[in-house]
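*Asks:* coords below, sequence missing:
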């Protein structure tokens, strides 16, 4: 690390002044830092979106959890730029594995939620410290100024969501007034559209703000090292040495000429006396012994012997050791054993606490798995309580209103079948099934849906038995209504039994 190549003023400043300088550097190099964060994160995001298209939150969660990796790439590139090195986006991405491999699992586990990550990351990424050495280094850096990186994390988190919702509002305002968009259908009935859009915009917002977060944390880290190691003083001494070296080289010839001229003048005036006076009065040969005597004489001066007297309260006979009130030896041994036992109890308590929380976590997982059906039923109940659009009254020509259905559907269906009206019997059973799914299970059918789309929506709700029954009933209805094919009595009985089991 060459201090003379650094592109910021090397002087100690306040924490928020350092954050402001970090924001300035991030604005200056924003585009390459933004691309270094965006390219790998969006590549992972879209691969996960293709793999988990039904649950878009998975892709966002993974990208968010891997933020330490993307931030380290930002930090690697910014640290090179700030010290005057030329480095491009592709060169940084090629070095990605070597940058993030140090303590990668720690950054994804117990360090992941650290509120001072931007301030601590240079210790691992740039200094390559780990274990006890990293802990000692972190303790020294955190002695002062650790509040600024904490609030920097809080600020960046809020700005990410503000920027995301700002993007959404901008898209909404860009839609012309004469364009008729059904926002309810687009965002609420098909929630994947809204979630996919908001998740993508949130990823872009994180990439846009990441340069400000990482560069501010890095400048805070540099500012702390300037305070501890005196980089500004070291750099000034280096510059002074360079200037003196140049001055000495330029004046070397002139100095030699002046000395020769002085000696020549003295020899002309008085050869013997001049030499004698010069050697006796002006020329002093310093040896190690004479230098030592001069140093001792300086140290004996008043400047090195200043005294300061202070007074304070002190207990009487504080220097006298009170041996009369010492506890007996057996009591001291007892206290020592109790202290050792207390340490063992504290260690055991920590183990018990960890085991307790693991047991609680296991119990929660077990309860969720054990009562998963009840949880699904509750979620369906709360979905039904939400404000819904008006339920369709007609689906592909079939009346599905509750008012036009008989009280006992199965009896009416069987009566129609026995009287030879097979098509009407299957039609009534199909209508009753769709009506129950709309009004009792809150299935989001629309009047424009087809039979197969209704089956897909029931399957998407997680109703496995109902979806299987509706699929079989739809197949029978299509064969008798459109194909004019006959339906066997066994198939009809099976449909009635399944209907009574699933929907009655």
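*Replies:* Looks like it came in fine. Values in this document were obtained by computation on a predicted structure and should not be read as measured data.
*Asks:* domain ranges for the protein, per the record?
*Replies:* If you go by automatic domain parsing, the domain ranges for the chain are 3-229, 391-502.
*Asks:* dump those domains to TSV, plus mean pLDDT and mean neighbour count.
*Replies:* Heads up, the C-betas are built off the backbone N, CA and C, glycines and all. Shown next, in TSV, are the domains of the chain (pLDDT from 0 to 100; neighbours: other C-beta atoms under 10 Å):
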stretch	mean pLDDT	mean neighbour count
domain 3-229	88	17
domain 391-502	72	16
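*Asks:* among these, which comes closest to residue 357?
*Replies:* domain 3-229 (14.2 Å; C-beta to C-beta).
*Asks:* how far does stretch 63-80 sit from the chain's center?
*Replies:* Here stretch 63-80 is found 10 Å from its chain centre; the criterion is C-alpha atoms, centre = their mean, to the nearest Å.
*Asks:* look up how far residue 61 lies from the residue nearest to the spatial centre of the chain.
*Replies:* Note on the chain: the residue nearest the mean C-alpha position is residue 67, at 4.5 Å, using C-alpha atoms, centre = their mean. Distance check for residue 67 against residue 61: by C-beta to C-beta, to the nearest Å, it reads 11 Å.
*Asks:* distance to residue 378 for the domains of the chain - can I get that in TSV?
*Replies:* Shown next, in TSV, are the domains of the chain (distance: least, C-beta to C-beta, whole Å):
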stretch	distance to residue 378
domain 3-229	19
domain 391-502	13
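*Asks:* so for residue 354, which of those domains sits nearest?
*Replies:* domain 3-229 (13.2 Å).
*Asks:* about what we covered before: quick one: the residue nearest to the centre of the chain from residue 465, how far?
*Replies:* Taking C-beta to C-beta, one finds residue 67 at 42 Å from residue 465.
*Asks:* my read is residue 479 is in a helix, agree?
*Replies:* Yes - the assignment for residue 479 is a helix, going by DSSP: H, G, I helix; E, B strand; the rest coil.
*Asks:* grab the nearest non-local neighbour of it.
*Replies:* Ranked by C-beta to C-beta, 6 or more residues apart in numbering and with sequence neighbours excluded, the top spatial neighbour of residue 479 is residue 485, at 4.5 Å.
*Asks:* distance between stretch 147-167 and the chain's centre?
*Replies:* Worked out by C-alpha atoms, centre = their mean, stretch 147-167 lies 11 Å from the chain centre.
*Asks:* next: stretch 56-68.
*Replies:* Distance, centroid of stretch 56-68 to centroid of chain: 9 Å (C-alpha atoms, centre = their mean).
*Asks:* for it, give me every contacting residue.
*Replies:* 41, 44-46, 48-49, 52, 100, 107-108, 111-112, 117, 121, 192, 195-196, 199, 202-203, 206, 210 (C-beta atoms under 8 Å, 6 or more residues apart in numbering).
*Asks:* which element is residue 16 on?
*Replies:* According to DSSP states H and E, residue 16 maps onto helix 15-28.
*Asks:* against which helices or strands is the helix or strand that that helix is followed by packed?
*Replies:* Sequence order places helix 30-51 as the next helix or strand after helix 15-28, per DSSP H and E. For helix 30-51, the elements it packs on are helix 57-65, helix 67-82, helix 89-94, helix 191-229, judged by 3 or more C-beta pairs under 8 Å, 6 or more residues apart in numbering; DSSP states H and E.
*Asks:* returning to what we had before: now do the phi/psi pair for the residue nearest to residue 479.
*Replies:* phi -100, psi 150 (degrees, to the nearest 10).
*Asks:* I figured residue 414 hits residue 497, correct?
*Replies:* No - counting by C-beta atoms under 8 Å, residue 414 stays clear of residue 497, with 11.6 Å between them.
*Asks:* tell me which other helices or strands the helix holding residue 16 touches.
*Replies:* helix 67-82, helix 147-174, helix 191-229.
*Asks:* ok, now with 6 Å
*Replies:* helix 191-229 (3 or more C-beta pairs under 6 Å, 6 or more residues apart in numbering; DSSP states H and E).
*Asks:* closest to residue 314 out of the domains of the chain?
*Replies:* domain 3-229 (31.9 Å).
*Asks:* and the helix holding residue 16 with helix 191-229, angle?
*Replies:* Counting by axes from the mean of the first three to the mean of the last three C-alpha atoms, to 10 degrees, helix 15-28 lies at 120 degrees to helix 191-229.
*Asks:* relative to helix 67-82, how tilted is helix 15-28?
*Replies:* Using the same axes, to 10 degrees: helix 15-28 against helix 67-82 is 80 degrees.
*Asks:* list the contacts of helix 15-28.
*Replies:* For helix 15-28, the surrounding residues in contact (C-beta atoms under 6 Å, 6 or more residues apart in numbering) are 145, 148, 211-212, 215-216, 219-220, 223.
*Asks:* what do you get if the cut-off is 7 Å, keeping everything else the same?
*Replies:* 8, 33, 82, 145, 148, 152, 211-212, 215-216, 218-220, 223 (C-beta atoms under 7 Å, 6 or more residues apart in numbering).
*Asks:* which pair of these spans the longest distance?
*Replies:* 33 and 145 (23.4 Å).
*Asks:* got the phi and psi for residue 8?
*Replies:* Taking degrees, to the nearest 10 as the convention, residue 8 sits at phi -130, psi 150.
*Asks:* just say helix, strand or coil for residue 102.
*Replies:* Per three-state DSSP, residue 102 ends up coil.
*Asks:* in terms of helices and strands, where is the closest residue in space to it that isn't next to it in sequence?
*Replies:* Sequence neighbours aside, residue 124 is the residue nearest to residue 102 in space, at 5.4 Å (criterion: C-beta to C-beta, 6+ apart). Using DSSP H and E, residue 124 falls within helix 117-125.
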